[in-house]
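> Turn this into a model:
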Amino acid sequence: MTNQVGIDMSSDAESDELLQYNPNRLLDTLIENLRLKNDAALSRALEVAPPVISKIRHHRLPVGASLLIRMHEVSDLSIRDLRYLMGDRRNKFRISDKQFKPKEGAAPSASSGE
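All right, here's what the predicted structure looks like:
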């Protein structure tokens, strides 16, 4: 099965390069598909600041959900294809239940009107 970007998703013999997290492959494919010149043009198309693209390229910032959705809207590529391009092969995302629980012994953060 080949996706919209021409990557054979059913092949188990993919090279290690395709299996590793690499946001550069995602950004380069977007630039190519949108027929843009460079990262600055991509940042304008995605309506983000240029340093965001740079930080993603240098692995200092992950590709967040809102940016992934914006990439989908601009490029018409599916979220699955975008995730596949950057090396994310998870079938499900799970949020830890600990993320939303208050810390033990922490006082409630109610502001007093004094």
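
> Quick one: low-confidence residue ranges for the chain.
1-19, 92-102, 105-114 (pLDDT under 70).

> Break down it into its helices, ranges please.
16-19, 23-33, 39-46, 50-57, 65-75, 79-86 (DSSP state H).

> In JSON lines: those helices, plus distance to Lys103.
All C-beta atoms are positioned from the backbone trio N, CA, C, and that covers glycine. Shown next, in JSON lines, are the helices of the chain (distance: least, CB to CB, whole Å):
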{"stretch": "helix 16-19", "distance to Lys103": "37"}
{"stretch": "helix 23-33", "distance to Lys103": "32"}
{"stretch": "helix 39-46", "distance to Lys103": "35"}
{"stretch": "helix 50-57", "distance to Lys103": "29"}
{"stretch": "helix 65-75", "distance to Lys103": "25"}
{"stretch": "helix 79-86", "distance to Lys103": "32"}
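
> need those helices in CSV with mean neighbour count, can you?
Supplementary listing: the helices of the chain in CSV, determined by neighbours: other CB atoms under 10 Å:
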stretch, mean neighbour count
helix 16-19, 10
helix 23-33, 18
helix 39-46, 16
helix 50-57, 16
helix 65-75, 15
helix 79-86, 19
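
> Of all those, which one comes closest to Glu104?
helix 65-75 (28.7 Å; CB to CB).

> That closest one vs helix 79-86, what angle?
110 degrees (axes from the mean of the first three to the mean of the last three CA atoms, to 10 degrees).

> by contact count, what packs against helix 65-75?
Using 3 or more CB pairs under 8 Å, 6 or more residues apart in numbering; DSSP states H and E, the elements in contact with helix 65-75 are helix 23-33, helix 39-46, helix 79-86.

> Looking at the ones you listed, spot the one closest to Leu61.
Judging the helices and strands packed on helix 65-75 by CB to CB, what sits closest to Leu61 is helix 23-33, at 8.9 Å.

> Take the closest one, keep the C-alpha atoms, and write them as PDB.
Taking C-alpha atoms only, helix 23-33 is exported to PDB below (Å, rounded to 0.1, in the frame of the first residue of the first chain):
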ATOM      1  CA  PRO A  23      11.500  15.900  11.300                       C
ATOM      2  CA  ASN A  24      13.800  17.100   8.500                       C
ATOM      3  CA  ARG A  25      12.300  14.500   6.100                       C
ATOM      4  CA  LEU A  26       8.800  15.900   6.900                       C
ATOM      5  CA  LEU A  27       9.900  19.500   6.500                       C
ATOM      6  CA  ASP A  28      11.700  18.800   3.200                       C
ATOM      7  CA  THR A  29       8.700  16.900   1.800                       C
ATOM      8  CA  LEU A  30       6.400  19.800   2.700                       C
ATOM      9  CA  ILE A  31       8.700  22.300   1.000                       C
ATOM     10  CA  GLU A  32       8.800  20.100  -2.100                       C
ATOM     11  CA  ASN A  33       5.000  19.400  -2.200                       C
END
